[in-house]
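Q: Next comes the sequence, and after it the predicted model I'd like to discuss.
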Amino acid sequence: MAGRQAVKTYLDLLSQPCRAVLIFLKHNKIPHTVELVPLRKGQHKTPEFTKLNPMQKVPVLDDNGFVLTESDAILKYLATTYSVPDHWYPKLPEKRARVDEYTAWHHANTRLHASTVFLQEVIFPMMGQPANPAKLKKALADLDGTLDMLENMFLKRHAFLCGDDVSLADLLAVCELMQPMCSGRDVLKDRPKLLSWRSRVQSALSDSFDDAHSVVYQIRQKLTAKL
């Protein structure tokens, strides 16, 4: 858009939703800048950042003075404000509703369970706290139920979660399901249908996927080298 400055983003690439936002910006060539906000260093709790986002969370988008939080809202805003292919967030009401259906379900399912596995296997041990075996077992069982639903409902008739092309739903989901990779755990390894889906999403996103996930690969290499 003529006269618009590059959007500013505040991200921590160890955060799954932050990676989704960065991938979307890069893949769609939306001019942007990135300011890293390392959560583990407490940068999200500084007075400056708290003024920007009182919830003290990332990602945050600043589009020429319009400040927006929450990855779901940010991605949908970018998809409707900038010139990107329609498949990301379709204009046709029925197709758009399918994306909204998944993203409404995502937070209490894919995101919750995959991130709990990550917390138990990576974050707590990094903080000197051993994983809680009972909580990890429950998180893995809950995640299995979510993966069943992804296969049997969302991927039942289509190549992607909400249709025949990649959408915001796939982007949010794949970033979450990559997170347990930090400990070397591939939660999709025994699920050929979901492995094929992930390959299709990676292919659709090309270099932007691996670029954003470099931190995941680095942590995996570091942690698995210790085993």
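A: Looks like it came in fine. Quick caveat, the model's predicted, so the values are computed rather than measured.

Q: Just to be sure, T9 is in a helix?
A: No: T9: not assigned to a helix; according to DSSP: H, G, I helix; E, B strand; the rest coil it is strand.

Q: residues in contact with it?
A: When contacts are counted by CB atoms under 8 Å, 6 or more residues apart in numbering, T9 touches V21, L22, L25, H32, T33, V34, E35, P59, V60, L61, D62. C-beta here means a position set from N, CA and C on the backbone, and glycine is covered the same way.

Q: out of the residues you listed, who's nearest S15?
A: P59 (7.2 Å; CB to CB).

Q: Just the pLDDT at that closest one, thanks.
A: With respect to pLDDT, P59 scores 98.

Q: wait, it sits on D72?
A: No: judged on CB atoms under 8 Å, P59 makes no contact with D72 at a distance of 10.5 Å.

Q: Same drill for those two, tell me which one is more crowded.
A: Neighbour comparison, P59 and D72: the larger count goes to P59, with 24 against 18 (by other CB atoms under 10 Å).

Q: Number of residues surrounding the residue nearest to K95 when sequence neighbours are not counted?
A: Leaving out its chain neighbours, the residue that sits closest to K95 by CB to CB, 6 or more residues apart in numbering is G163, at 6.3 Å. With neighbours defined by other CB under 10 Å, the count for G163 comes to 17.

Q: which phi and psi does G163 have?
A: As for G163, its main-chain torsions (degrees, to the nearest 10) stand at phi 160, psi -150.

Q: Just confirm R157 is within a strand.
A: No: per three-state DSSP, R157 lies outside any strand segment and is coil.

Q: Count the neighbours of it for me.
A: Neighbours of R157 using other CB under 10 Å come to 8.

Q: Pick out whichever of the contacts of T9 sits closest to K51.
A: Using CB to CB, V60 comes nearest to K51 of the contacts of T9, at 11.1 Å.

Q: Tell me where this protein has strands.
A: Under the criterion DSSP state E, the chain contains strands at 7-11, 32-36, 60-63, 66-69.

Q: Output the first one in PDB with nothing but the alpha carbons.
A: Which is strand 7-11. What follows is strand 7-11, C-alpha atoms only, in PDB (Å, rounded to 0.1, in the frame of the first residue of the first chain):
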ATOM      1  CA  VAL A   7       4.600  -3.000  10.100                       C
ATOM      2  CA  LYS A   8       6.500  -3.400  13.400                       C
ATOM      3  CA  THR A   9       6.400  -6.800  15.100                       C
ATOM      4  CA  TYR A  10       7.500  -7.700  18.600                       C
ATOM      5  CA  LEU A  11       8.300 -11.400  18.700                       C
END
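
Q: Between strand 32-36 and that strand, find me the angle.
A: Orientation check (axes from the mean of the first three to the mean of the last three CA atoms, to 10 degrees): strand 7-11 against strand 32-36 gives 30 degrees.

Q: Tell me how the protein divides into domains.
A: 7-84, 88-225 (automatic domain parsing).

Q: just to revisit the earlier point, farthest-apart pair in the contacts of T9, please.
A: Across those, the longest distance by CB to CB is 14.7 Å; it joins L22 and D62.
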